[in-house]
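Undergrad: build me a model from this:
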Amino acid sequence: MRTVLAYLSIITLATPPIWSQDAGPPPLGRQVITAETLRSAGVRRLSDILALVDGWDISTINGFTWEASPRGLSSFGRPTWAVMLDGQPVDLDIFGVRSLERLPVSLGQIDSVVILSAPAVHNGQFVEGGLIHIHSRRPGRGLSIQAHVATASETGDPGPYAYTGRATPNVDRVGSDVSGQVLFGGSTLSAVAGALWREHFVTNRAIRERNRDISTDKHPIIKQAAASLQAGWGMGGRRHELYLGRSWIRDYYFLKAFGREVPVESPLTQIGLRGTLPLSGVTGLRYRAVYSVNELDQHTNSLNLDFDWQLSRWRAELEAWHDRSSYRFVLGAGLAGTSAETGYLLSEDGFTTVNLYGELIYRPRVTMSQSLAFHVTSADGALGVKTALAHRRRIGRRHAVEAVLSYFERIREEDSRIWYWVQRGYAFLSDNGVEALNAGELGKTRTVAGDARWMIRFNREVSARLGGYYRWFSGLSLEEQRFEFEPSSQSFSGPVRLVPNRRGQLAGGEIALSWALRELRLLLFYRFQDVVSGDQLFKRTWRTVPRHRLRITALYTPWESVGLWSRLQYRSATRWADYQEAAVQTGGAYSQYVDNAVTLDIAAQKWFWERRVRLHLLFRNVFNDAVPYHPIGTAYGLTFMVQGEVLLDGL
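TA: Just a heads-up that it's a prediction; the model follows:
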């Protein structure tokens, strides 16, 4: 093994006490981010949550849509991580672009976010690339009202709006968020209705130049409107929950193969129903049913570009569970369907998958648990098998260990990128001048993943965690593209080739330390990453992920109503070889490299009126060293964000 991946963090959450003798083994691969943590860190949009996840790398072009690479399980542009809302899967993908902002949920509706960073079966899905599971705030008895408003502006030299009607001397507005929800809780019925409105101003000069001739908007602005309704009812142990959500975004959608942004309108509609039906004290049934519609509609543009795309998905699952003190068993089956609607002539416009899954958790004693999970997917004669074996053990009152070994296959119907549909006749790329070369059909990918962690608690304030992981990939279909710069449109173009049957290996390790002393909580994070083996295309793909990352976080709460938060971060340079030719053509105006960056964020928070009113001020990138995450992406300098929140419970 040529290189090792190291990762160091001190969790900003409160450190729990040393485990008691009757405590079970802790889930070391599970991270819980509470609503209080989100508030302290100044999170104002769902995508900001990604920056708080241990071991996940992030990247963005426009500052609104963020990509994630979870602990070496998938690279940027090939998302395999899943999103759930209160146990229901949410399909956010459009051609492999998975944006949390499309979810019609405001931060005020969130009670906590649970992160899984190792493969596992969860609510009927095998989450091979990790999971972001959002848990909504449950209403208390009576009526409650919550409102939230946030705005952000970038300081520094006059920017693109300096000489327009929006002109301010030294400030560029980043955007505003407004949301509100009404909650009701009764003895057998609860309901939450929420709505939000967001604006995100695209102030980056390069992005504005790329869209100057194509966009009919005077100023590039990303807008979102969303509404949702959640209702739950039941008694006697039975519980049913309904979710309705609708989100509409006017976006500048970036499709890498196309080389530039395209003005679009992107609605998302989701309907979900789930329930629990106990049959006895230890046995019961659970069901889930979800229907969603993702669209890429045309927004007026001078080139008349139109994706003309609508993707409908439905899924239904039924599972039985049996839970005893020494073991727990879950067995379920499901059906899922996908259908596309477009003006392009497709040879196949959809498919249906059949799923069978289960998990056995064996607890021979309080301090030990072992689990075996499996998931089998079948579609169009192809079969994908996924398994995960986990061992967790607490040793004494200070030590805990965890090991997870998994193997999973991903059939072509599970690949959410545009290439599945290109091979069936979707001709948006070719009709608009992109030469797409397929060296072979999408095939089955195979992954072997190993994760191990060891944790020690020195005392009630200090703990450490040491771990490692290994990934082996086979059968990958990777994109190879050489962009050239087009001066007339300030955009990029070039043939793209999908290369199948790529393979490679990653390995890594992590160490974590946490310290919580009265009012002060600290975090220190370091990581090193590299490829163990693989061909040149595999290595090129992973060089877009930083090799080094350092993060130091502090949270100081001198009083219950006052909090001070800060985070110092370092990330190393990355290389995006697809832009090598464009870098030469532009004389360095664009680069295939993203330089290393050091950023400092500082925030202050104050509660008023017995924690009914909250004000939060965040200064992001205090050093004002504007370095982007992507070679053609936006780079924010010193930015200040102001948030206000009102919580009126029990009206």
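Undergrad: need phi/psi at the residue nearest to L442 when sequence neighbours are not counted.
TA: Closest residue in space to L442, ignoring its immediate chain neighbours: R412 at 4.1 Å, by C-beta to C-beta, 6 or more residues apart in numbering. For glycine as for every other residue, the C-beta is placed from the backbone atoms N, C-alpha and C. Torsion angles at R412 (phi, psi; degrees, to the nearest 10) stand at phi -60, psi -30.
Undergrad: beyond the helix or strand of the chain with the lowest mean pLDDT, next helix or strand please.
TA: When each helix and strand of the chain is scored by mean pLDDT, DSSP states H and E, strand 6-9 comes last, with a mean of 30. Sequence-wise, the next helix or strand downstream of strand 6-9 (DSSP states H and E) is strand 30-34.
Undergrad: so what are the sheet partners of that next one and their directions?
TA: Strand pairing for strand 30-34, using DSSP bridges, gives strand 110-116 (antiparallel).
Undergrad: the next helix or strand after the partner strand: partners in the sheet, and parallel or antiparallel?
TA: Downstream of strand 110-116, the first helix or strand assigned by DSSP H and E is strand 121-122. Under the criterion DSSP bridges, strand 121-122 sits next to strand 125-126 (antiparallel) in its sheet.
Undergrad: distance between the strand it pairs with and the chain's centre?
TA: Averaged C-alpha coordinates place strand 125-126 at 16 Å from its chain's average position (C-alpha atoms, centre = their mean, to the nearest Å).
Undergrad: state the mean pLDDT of it.
TA: In this model, strand 125-126 has an average pLDDT of 92.
Undergrad: ok, then the element right after it?
TA: Next helix or strand after strand 125-126 toward the C-terminus (DSSP H and E): strand 131-136.
Undergrad: in the sheet, which strands lie alongside that next one, parallel or antiparallel?
TA: Going by DSSP bridges, the partners of strand 131-136 are strand 82-85 (parallel), strand 110-116 (antiparallel).
Undergrad: just the buried positions in it, please.
TA: The neighbour-count criterion (16 or more other C-beta atoms under 10 Å) identifies 131-136 as the buried residues of strand 131-136.
Undergrad: got the contact list for that strand?
TA: Residues outside strand 131-136 that contact it (C-beta atoms under 8 Å, 6 or more residues apart in numbering): 46, 49, 53, 81-87, 100, 103, 105, 109-116, 120, 122, 192, 230.
Undergrad: 7 Å - rerun?
TA: Applying C-beta atoms under 7 Å, 6 or more residues apart in numbering, the contact partners of strand 131-136 are 81-86, 105, 109-116, 122, 192, 230.
Undergrad: can you give me the helices in the stretch 301-450 of the chain?
TA: With DSSP state H, counting those that start in this stretch, the ranges of helices along the stretch 301-450 of the chain come out as 419-422, 428-431.
Undergrad: quick one, which of the ones you listed is packed in tightest?
TA: Stretch with highest mean neighbour count among the helices of the stretch 301-450 of the chain: helix 419-422 (a mean of 22; mean count of other C-beta atoms under 10 Å).
Undergrad: now that one - C-alpha only, CSV.
TA: What follows is helix 419-422 as a C-alpha-only set of coordinates in CSV (Å, rounded to 0.1, in the frame of the first residue of the first chain):
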residue,chain,number,x,y,z
TRP,A,419,-25.2,8.2,-20.0
TYR,A,420,-27.8,5.6,-19.3
TRP,A,421,-30.3,7.7,-21.3
VAL,A,422,-27.8,8.8,-24.0
